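*Asks:* Provided below are the primary sequence and the corresponding predicted coordinates.
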Amino acid sequence: MTKYWINGDTAIEMNDAEDVNTVHFTVDDKDVLVSAGQTIYESLRHMDGIGNIPALCYNPAVRPYGACRLCTVEVSEDQGKSFKFVASCLYPAMNGQIIKTNTEKIRKLRKGIIEFLLARCPDVKVVQDLAKEYGVEKPRFALGENECILCGLCVRICQENMGKSAISLVNRGIYKEVAAPFYAYELGSECIGCGDCAYVCPTGAITMGPDGKPILPRVKIPHAEAEAMMSQEKLSS
Ligand code: SF4
Ligand code: FES
């Protein structure tokens with residue numbers, strides 16, 4: 001019998017959910033009814049026994065951003081004739097959807113992302129745990145020994161909750177990192193030392209310093225890459 005899930009936390013009989021604005025869909029072959037106006041991830045994230053969707057850049061305190069793509073699921077909106085990949089933290093739950101949260105294709109996609117994260121952040125516990133869960137043993141490449149997975153949560157909480165822009169994501173590719181304005185590592189007066197950035201960081205990459213301001217993670221470039229850069233500098237000097 002279809003259940004009605006309240007905020008993905010509690011299930012009650014559908015008949016008891018009369019007059020509630022709901023969305024009815026299928027997820028991993030289970031028929032469910034949830035409150036309308038949620039993304040797929042929001043509606044499923046606490047649902048007992050349904051997919052264990054990894055979502056490293058999601059935090060209910062800020063708007064979803066779609067940085068990590070780990071929460072990708074497959075969705076059909078034509079009665080199962082075709083499926084597409086969507087980031088479940090961004091995509092709205094809608095009537096009639098057929099959602100799959102843990103297919104072979106999804107696991108393969110997540111595995112690739114996790115391999116990349118492990119190559120970048122080999123010592124970060126949440127990444128190691130995911131690697132174990134998805135059977136990623138050793139990445140085929142090294143991207144440094146960073147702690148920051150570039151989820152952007154610290155930047156978003158600063159902007160959205162505090163109305164500040166004390167930090168932002170700068171640079172591209174493997175050089176991308178969190179920095180203060182003018183590419184500084186030390187926070188200026190714009191930072192009020194609320195500590196929200198350290199609080200939401202899923203990896204512990206930001207800590208609070210003795211001056212009450214956050215200490216930002218510094219990008220650590222892999223050895224081979226650093227050597228290549230240095231020899232280029234020598235050639236051009
Ligand atoms: S410092 Fe933490 S919260 Fe900020 S982008 Fe990196 S992992 Fe995310
Ligand atoms: S949690 Fe959805 S993209 Fe990261």
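*Replies:* Happy to help now that I have it. Numbers count the residues shown, from 1 in each chain. Ligands and ions are numbered 1, 2, ... in the order given.

*Asks:* Now do the residue positioned nearest the centre of the chain, the pLDDT please.
*Replies:* Nearest residue to the geometric centre of the chain (C-alpha atoms, centre = their mean): Cys57, 2.2 Å. Reported pLDDT at Cys57 in the predicted model: 97.

*Asks:* who touches it in this structure?
*Replies:* Applying C-beta atoms under 8 Å, 6 or more residues apart in numbering to Cys57 gives the contacts Pro64, Tyr65, Gly66, Ala67, Cys68, Leu70, Cys89, Ile149, Cys151, Gly152, Leu153, Pro202. Backbone N, C-alpha and C define where each C-beta goes, glycine included.

*Asks:* 6 Å - rerun?
*Replies:* Applying C-beta atoms under 6 Å, 6 or more residues apart in numbering, we find Cys57 in contact with Tyr65, Ala67, Cys68, Cys151.

*Asks:* got it, and Cys68?
*Replies:* Leu56, Cys57, Cys151.

*Asks:* swap in Ile114?
*Replies:* Leu130, Ala131, Tyr134, Val136.

*Asks:* Check which residues of the helix or strand where it lies are buried.
*Replies:* Applying DSSP states H and E as the criterion places Ile114 in helix 104-120. Using 16 or more other C-beta atoms under 10 Å as the test for burial, helix 104-120 gives Ile106, Leu109, Arg110, Lys111, Ile113, Ile114, Glu115, Phe116, Leu117, Leu118, Ala119, Arg120.

*Asks:* hmm, which two among those are most spread apart?
*Replies:* Spanning the widest gap among these are Ile106 and Arg120, at 21.4 Å by C-beta to C-beta.

*Asks:* just to revisit the earlier point, quick one: the contacts of Ile114 as a markdown table, columns for neighbour count and pLDDT too.
*Replies:* Output for those, formatted as a markdown table (neighbours: other C-beta atoms under 10 Å; pLDDT from 0 to 100):
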| residue | neighbour count | pLDDT |
| --- | --- | --- |
| Leu130 | 20 | 97 |
| Ala131 | 20 | 97 |
| Tyr134 | 18 | 96 |
| Val136 | 21 | 95 |
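
*Asks:* quick check, nearest of those to ligand 2?
*Replies:* Among the contacts of Ile114, Leu130 lies closest to ligand 2 (C-beta to the nearest ligand atom), at 12.0 Å.

*Asks:* my guess is that closest one is in a helix, correct?
*Replies:* Yes: judged by DSSP: H, G, I helix; E, B strand; the rest coil, Leu130 forms part of a helix.

*Asks:* List the contacts of it.
*Replies:* Contacts of Leu130 by C-beta under 6 Å, 6+ apart are Pro54, Ile114.

*Asks:* Could you report the pLDDT at Leu216?
*Replies:* On the pLDDT scale, Leu216 is placed at 93.

*Asks:* do you know how far it is from ligand 1?
*Replies:* 7 Å (C-beta to the nearest ligand atom, to the nearest Å).

*Asks:* One more: Cys194?
*Replies:* From Cys194 to ligand 1 the distance is 14 Å (C-beta to the nearest ligand atom).

*Asks:* Same check on Tyr175?
*Replies:* For Tyr175 relative to ligand 1 (C-beta to the nearest ligand atom), the value is 14 Å.

*Asks:* now swap in Gln159 and tell me
*Replies:* From Gln159 across to ligand 1, the span is 12 Å (C-beta to the nearest ligand atom).
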